[in-house]
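Q: Let's see this in three dimensions:
(2 chains)
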Number of protein chains: 2
Amino acid sequence: MMNSLEEKSLPQKISEDIISLILEENLQPGDKLPNETILSERLNAGRSSVREAMKLLASRNIVTIRQGSGTYIASSPGMVEDPLGFTFIGNKQKLIHDLLEVRFLLEPSIAAMAATNAEEKDIKKITALCDEVEVLLNNHEDHTQKDIEFHAAIALSSKNVVVPRLIPVINSSIPLFVESTGNTLHKETIETHREIADAIAAHDPLRAQDAMYLHLVYNRKRIHLAIK
Amino acid sequence: MMNSLEEKSLPQKISEDIISLILEENLQPGDKLPNETILSERLNAGRSSVREAMKLLASRNIVTIRQGSGTYIASSPGMVEDPLGFTFIGNKQKLIHDLLEVRFLLEPSIAAMAATNAEEKDIKKITALCDEVEVLLNNHEDHTQKDIEFHAAIALSSKNVVVPRLIPVINSSIPLFVESTGNTLHKETIETHREIADAIAAHDPLRAQDAMYLHLVYNRKRIHLAIK
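A: Numbers count the residues shown, from 1 in each chain, chains lettered A, B, ... in the order given. So this is what the prediction gives:
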């Protein structure tokens, strides 16, 4: 975590004031923030400090600065790329192994939650993504992005507000898995994805949980073979 | 996630070059980065752009800028405060409920992993923190920080590299829980913490898992009572 002993700069302090203002005014993703002049008056700060503070907030993906248009609340405020800093874990084989261990803790239960809570529109989306991944796999095209979206759609269907924020943890691991399994899991990926999607559509939590578990088992077997 | 369609500023691009440099040179937490002059030459960029880029990296907690001394790799590079943006979830009661649901998925298994993998020094630390929380609770003092350290020490003992990076998810929830249970869980916290610590010390994974589960059950009961 941040070391609280480190002194905060003026723009850092102002960026915290702006966060308070966003929360107080209950600004939502896509909402426009007041302009620099108004903010510098309200926060009793210089315009250049406000501008610096906005750059800090943009780098934390809290706001999006659109040149010539203004500053807006980001679509998933506060969610940065690689939020847990996996980039900086040097041993990638250990990272792949340990990420899979964590996926085993989370994803089967998330699939069960999705089977319980998915609405019709969620089921349509999950099924459509399942179809798209299957087409890409059959054409031997890169399915990584659609695979990530498939797992993200399941997490959203859980209706738990924390779970979709854990998606990046899962997402960031999928390119690693695809790479380390040498893209050889075609048949098993197609079959287990389909079983997961069907179980969620049938609102059958145990079947969804088992299907996701099996999906991860296939991944673990291939990774162990690839690492050997 | 970041919208890849949004155009990256020059300092953003340079900050990515600096990340590549950190990885290539395998710089570790606490290591000093080359100074601005050297970096601007190596990256073929102006000094003011390099300075801007460093501010962005500091706001993402990748580097720490010490005035008059230089720029260093942060202690947990890339781990920011509130990495999953919980600050921006408006409905705090739903957040508490859903965080607890996720803790149920993660923490019993993490306790079991800790019981399997904890070394002597880990066990000493967990036991010492268990003692400290107990003293604070008996004296009716704030135990939040030590409670967070207790759960963090267990996560570290799992020896999974991802799990200690999920700690902030867990950590950030403890102040909420302490607040919402009105600090009334003294006896149960003391007893279940002790049982968790003893089970890890005895290298008994199932006992550790059950003890952590019971700890969370007490929390859930109290939260449900508090919310009603």
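
Q: Just the buried positions in stretch A:58-71, please.
A: A:58-65, A:71 (16 or more other CB atoms under 10 Å in any protein chain shown). All C-beta atoms are positioned from the backbone trio N, CA, C, and that covers glycine.

Q: do the same with stretch A:45-61
A: A:45, A:49-61.

Q: Name the next helix or strand downstream of the least confident helix or strand in chain A by mean pLDDT, please.
A: Least confident element among the helices and strands of chain A, by mean pLDDT, DSSP states H and E: helix A:163-180 (a mean of 71). Counting by DSSP states H and E, the element after helix A:163-180 in chain order, helix or strand, is helix A:186-201.

Q: Check whether the following helix or strand past that following helix comes into contact with chain B.
A: Once helix A:186-201 ends, the next helix or strand along the chain (criterion: DSSP H and E) is helix A:205-227. No: Helix A:205-227 stays clear of chain B (CB under 8 Å from any CB of the partner chain), getting no nearer than 11.6 Å.

Q: how far out from the middle of the chain is helix A:205-227?
A: A distance of 20 Å separates the centroid of the chain from that of helix A:205-227, by CA atoms, centre = their mean, to the nearest Å.

Q: related to what we said a few turns ago, out of the buried residues of stretch A:58-71, who's nearest residue A:158?
A: Ranked by distance to residue A:158 (CB to CB), those are led by residue A:61 at 22.7 Å.

Q: Assumed that closest one was part of a strand.
A: No: using DSSP: H, G, I helix; E, B strand; the rest coil, the assignment for residue A:61 is coil, not a strand.

Q: Count residues in the vicinity of residue A:146, would you?
A: Residues near residue A:146, counting by other CB atoms under 10 Å in any protein chain shown, number 19.

Q: ok, now how distant is it from chain B?
A: 15 Å (CB to the nearest CB, to the nearest Å).

Q: list the contacts for that residue?
A: By CB atoms under 8 Å, 6 or more residues apart in numbering or on different chains, residue A:146 lies in contact with A:129, A:132-133, A:136.

Q: element containing it?
A: Going by DSSP H and E, residue A:146 is in helix A:144-157.

Q: Does the longest helix along chain A pack against any helices or strands, and if so which?
A: In chain A, taking DSSP state H as the definition, the longest helix is helix A:92-117. Packing contacts for helix A:92-117, counted by 3 or more CB pairs under 8 Å, 6 or more residues apart in numbering or on different chains; DSSP states H and E, involve helix A:144-157, helix A:163-180, helix A:186-201, helix A:205-227, helix B:92-117, helix B:163-171.

Q: what's the average pLDDT for the fourth one?
A: Same thing as helix A:205-227. For helix A:205-227, mean pLDDT is 90.

Q: Quick check: which ranges of chain A have low pLDDT?
A: Applying pLDDT under 70 to chain A flags residues A:1-7, A:168-171, A:173-174, A:177-185, A:227-228.

Q: And it, split by domain according to the record?
A: Recorded structural domains for chain A (assignment: automatic domain parsing) are A:10-73, A:86-227.
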